[in-house]
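**Q** Fold the following and give me the result.
(one chain, ligands or ions: 1)
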Amino acid sequence: MPADPVTPPPTPDLWTIETLLGWTQHFFSEKGLTTARLDAELLLAHALRLSRLELYLQKDRPLDEAERAPFRQLVRQRASGWPTAYLLGEQEFWSLPLEVSPAVLIPRPDTETLVEQAVVRIRKWQAAHPQSRCRIAELGTGSGAIPLALASELQNLDLISAEVSPDAQALAERNRARHADLAAPRNNTLTFLCGDALTQLPAQGPFHFWVANPPYIPRDTIPTLQPEVALHEPTLALDGGADGLDLYRRLLSETPACLAPEGEMLLEIGSDQQPALTELAATHPKWQSPAFYQDLAGHPRVAHFLLKGP
Ligand code: GLN
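**A** Next up is the predicted model:
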């Protein structure tokens with residue numbers, strides 16, 4: 001909805017949807033938020049239980065105090081650094097609306113690169129094994145974004161994911177139930193377990209693929225991230241140990257035992273981690289040297305590992 005960002009705040013007895021959005025956009029911009037207009041629209045639409053289109057169509061509607069009070073609370077929280085997705089309780093990933101809460105990392109567009117590459121590799125595997133179901137393990141379910149996105153693109157998958165946070169696992173279960181049309185009707189199964197993936201999942205193998213967006217931020221770097229991330233997103237989903245590579249070490253050494261011959265692993269990485277991952281892979285002789293794929297910003301974002309042949 002177009003609006004002049006420097007519109008002065010109107011007098012309080014004239015609050016309409018339009019004037020309230022103008023005021024909030026101005027307030028958010030002053031606070032340094034880069035998506036001031038979008039955030040104002042998303043939060044007001046949420047508070048009034050309207051779509052953004054309905055906000056526009058009803059822009060001259062006056063809002064009484066009872067309607068403005070819940071919005072004011074959301075505006076305060078957003079201005080103090082809460083991510084919009086947590087205030088809305090929802091984030092879209094791969095065109096799927098997903099419940100999110102501070103128990104899970106907010107799914108990011110970067111991670112769509114991992115899904116894209118996984119879809120390409122899994123399709124290729126399926127073309128070579130037309131009679132078989134494809135078995136995929138995931139470390140760190142979070143909101144369930146990655147398995148649900150894969151299930152929305154592909155059929156005949158058995159996806160098993162594990163998550164150490166019980167709150168995150170319960171939330172992922174709700175997203176799974178919400179998107180039940182991606183499972184049985186598409187001949188997919190999705191299983192979300194609570195616990196350490198590398199302890200729980202090997203017994204369910206062998207798998208054809210492992211996928212993960214593991215925590216990969218070096219521990220000391222976390223406080224330097226944007227406050228939205230550092231203060232509000234779960235440390236468990238970010239903290240990759242002293243050098244950020246703890247989970248990659250575990251995955252590279254522990255997954256070969258539960259992968260089928262020629263098994264593959266696709267992992268999201270931090271934009272500066274390609275050299276470290278290349279070096280790390282060289283110390284794990286069961287893996288060929290990895291290929292890397294870039295995200296939309298042109299950063300290396302996905303590492304693709306293939307087991308060496310016999
Ligand atoms: N991409 C996230 C961030 O930089 C980190 C996700 C992760 O550690 N897996 O905020």
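**Q** Give the bridge partners for Phe192, please.
**A** Counting by DSSP bridges, Phe192 is bridged to Ser161.
**Q** So which bits of stretch 179-198 are buried?
**A** Residues of stretch 179-198 classed as buried: His179, Leu182, Ala183, Asn188, Leu190, Phe192, Leu193, Cys194, Ala197, Leu198 (neighbour count, 16 or more other C-beta atoms under 10 Å). Backbone N, C-alpha and C define where each C-beta goes, glycine included.
**Q** And the contacts of that stretch?
**A** 96, 137-141, 144, 147-148, 151-152, 154-166, 169, 172-173, 176, 200-201, 212, 250-251, 254-255 (C-beta atoms under 8 Å, 6 or more residues apart in numbering).
**Q** So which of those sit within strands?
**A** Using DSSP state E, the members of the contacts of stretch 179-198 that fall in strands are Leu96, Ala137, Glu138, Leu139, Leu157, Asp158, Leu159, Ile160, Ser161, Ala162, Glu163, Ala212.
**Q** Put together JSON lines for those, with distance to Leu236 and neighbour count on each row.
**A** Listed next are the ones in strands among the contacts of stretch 179-198 as JSON lines, based on distance: C-beta to C-beta, whole Å; neighbours: other C-beta atoms under 10 Å:
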{"residue": "Leu96", "distance to Leu236": "23", "neighbour count": "19"}
{"residue": "Ala137", "distance to Leu236": "19", "neighbour count": "28"}
{"residue": "Glu138", "distance to Leu236": "16", "neighbour count": "26"}
{"residue": "Leu139", "distance to Leu236": "12", "neighbour count": "26"}
{"residue": "Leu157", "distance to Leu236": "26", "neighbour count": "24"}
{"residue": "Asp158", "distance to Leu236": "26", "neighbour count": "17"}
{"residue": "Leu159", "distance to Leu236": "21", "neighbour count": "28"}
{"residue": "Ile160", "distance to Leu236": "20", "neighbour count": "21"}
{"residue": "Ser161", "distance to Leu236": "15", "neighbour count": "26"}
{"residue": "Ala162", "distance to Leu236": "13", "neighbour count": "22"}
{"residue": "Glu163", "distance to Leu236": "9", "neighbour count": "30"}
{"residue": "Ala212", "distance to Leu236": "14", "neighbour count": "23"}
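**Q** Next one: the residue lying closest to Arg174 once chain neighbours are set aside from the ligand, what distance?
**A** Nearest residue to Arg174 in three dimensions, chain neighbours excluded: Glu99, at 5.6 Å (C-beta to C-beta, 6 or more residues apart in numbering). To the ligand, Glu99 is 19 Å away according to C-beta to the nearest ligand atom, to the nearest Å.
**Q** What of His179?
**A** 22 Å.
**Q** Look at that residue and report its pLDDT.
**A** Looking at His179, its pLDDT is 98.
**Q** on that earlier part again, of the ones in strands among the contacts of stretch 179-198, which ones also sit close to the ligand?
**A** The subset of the ones in strands among the contacts of stretch 179-198 within reach of the ligand, by C-beta under 6 Å from any ligand atom, is empty.
**Q** re earlier: phi, psi for the residue nearest to Arg174 please.
**A** Main-chain torsions, Glu99, degrees, to the nearest 10: phi -70, psi 140.
**Q** what sits against Gln288?
**A** Per C-beta under 8 Å, 6+ apart, neighbours of Gln288: Phe305, Leu306, Leu307, Lys308.
**Q** would you list every one of the strands in this structure?
**A** Counting by DSSP E, the strands of the chain are 90-93, 96-99, 134-139, 157-163, 189-194, 207-212, 259-268, 291-294, 300-306.
**Q** Redo the ones you listed as JSON lines? Include distance to Trp82 and mean pLDDT.
**A** What follows is these, written out as JSON lines (distance: least, C-beta to C-beta, whole Å; pLDDT from 0 to 100):
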{"stretch": "strand 90-93", "distance to Trp82": "13", "mean pLDDT": "97"}
{"stretch": "strand 96-99", "distance to Trp82": "16", "mean pLDDT": "98"}
{"stretch": "strand 134-139", "distance to Trp82": "28", "mean pLDDT": "98"}
{"stretch": "strand 157-163", "distance to Trp82": "23", "mean pLDDT": "98"}
{"stretch": "strand 189-194", "distance to Trp82": "26", "mean pLDDT": "98"}
{"stretch": "strand 207-212", "distance to Trp82": "27", "mean pLDDT": "98"}
{"stretch": "strand 259-268", "distance to Trp82": "24", "mean pLDDT": "97"}
{"stretch": "strand 291-294", "distance to Trp82": "31", "mean pLDDT": "98"}
{"stretch": "strand 300-306", "distance to Trp82": "26", "mean pLDDT": "98"}
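**Q** and the ones you listed as TSV, adding distance to Thr221?
**A** As requested, the strands of the chain are exported to TSV (distance: least, C-beta to C-beta, whole Å):
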stretch	distance to Thr221
strand 90-93	24
strand 96-99	27
strand 134-139	21
strand 157-163	23
strand 189-194	28
strand 207-212	20
strand 259-268	16
strand 291-294	21
strand 300-306	17
